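Novice: turn this into a structure:
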Amino acid sequence: MAISFELDSIATTLEGLEETIINKCIDRAQFKANDPAYQAGTSGFSGESEKSLFDLRLRYQEEMDAQFGRFCVPEERPFTEGLPAARRRVSVGETGLAVTDYNCVRLTPRILDAYLKLVPCLCPAGDDGQYGSGVEHDIYALQAVSRRIHFGAFFVAESKYRSEPAVYQDMIGSGDWDGIMQRLTRREIEERILDRVSEKVEAVQAGINRLVRVYVPAETILTFYRDTIIPLTKQGQLMYFRNRRR
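Specialist: As a prediction, this is how the structure comes out:
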């Protein structure tokens, strides 16, 4: 897995991942909010009174993904505990990351909570009965969000460390986590990302027929980026620094 630690290269990858998030969220919005799909005991699965259809779809998806080796990759952190081992040989190669356990940066519980709060903002209210299709698109969107956050957490943090190793060594050594967070925060870059996300949401939907497609306001996805994706990425970077081998 050859990763360039040049910030421009990483930023290009992150921009590609943001396009995936936008498209997956818009796809999910084509189904109604469908509250019963998230309620325990209404999945239709025998013996699963404590799980919702969404819970089960996520668990079964990740059980399959684990066997195919998805979670051998740093930015692919699972939402589910107790997953099976990979059944195929996965060659990740040298990542260049200075941590021994990728799960030292695992923000999936917070990502899941934020995503479930996004769904009723993203989707039309009501119930169209298409629970299976709705939760299928949930999983695709959720995994895209997680991939973007964890990629930014791991690789942006390491890139920044390599650009100023002495500065970060001193701050990590003294436990100056507030100082590191301030150094990680670049408001002008964040505003540029938000402007780009807004423009892309509009561009993707520019030619849609609103009689057959649900239109998603750019503000909905922009707000999720601003309030969830960007801050969780920075929290992940801080977690990386806390666990980075000196």
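
Novice: and the helices in the chain, which stretches?
Specialist: 7-28, 53-67, 108-122, 131-151, 157-163, 165-173, 177-184, 187-204, 218-224, 230-243 (DSSP state H).

Novice: among those helices, which is the most enclosed?
Specialist: Comparing these by mean neighbour count (mean count of other C-beta atoms under 10 Å), helix 131-151 ranks first with a mean of 22. C-betas here are computed from N, CA, C, even on glycine.

Novice: out of the helices of the chain, which gets nearest to Val73?
Specialist: With C-beta to C-beta as the criterion, Val73 lies closest to helix 131-151 of the helices of the chain, at 8.9 Å.

Novice: let me see the residues that make contact with the closest one.
Specialist: With contacts defined as C-beta atoms under 8 Å, 6 or more residues apart in numbering, helix 131-151 is touched by 13-14, 17-18, 20-21, 24-25, 27-28, 30-32, 34, 36-37, 53-54, 57-58, 61, 74-77, 79, 105-108, 111-112, 115, 119, 123, 228-229, 232-233, 236.

Novice: got it, and stretch 212-232?
Specialist: Outside stretch 212-232, the residues touching it (C-beta under 8 Å, 6+ apart) are 18, 21-22, 25-26, 29-30, 107, 110-111, 114, 118, 121-124, 145, 148-149, 153, 190, 193-194, 197-199, 201-202, 205, 208.

Novice: swap the cut-off to 7 Å and go again
Specialist: The contact list for stretch 212-232 (C-beta atoms under 7 Å, 6 or more residues apart in numbering) reads 22, 25-26, 29-30, 107, 110-111, 114, 118, 121-122, 124, 145, 148-149, 190, 193-194, 197-198, 201-202, 205, 208.

Novice: now Phe71. Nearest residue, chain neighbours left out?
Specialist: Excluding the flanking residues, the one nearest Phe71 by C-beta to C-beta, 6 or more residues apart in numbering is Pro78, at 5.2 Å.
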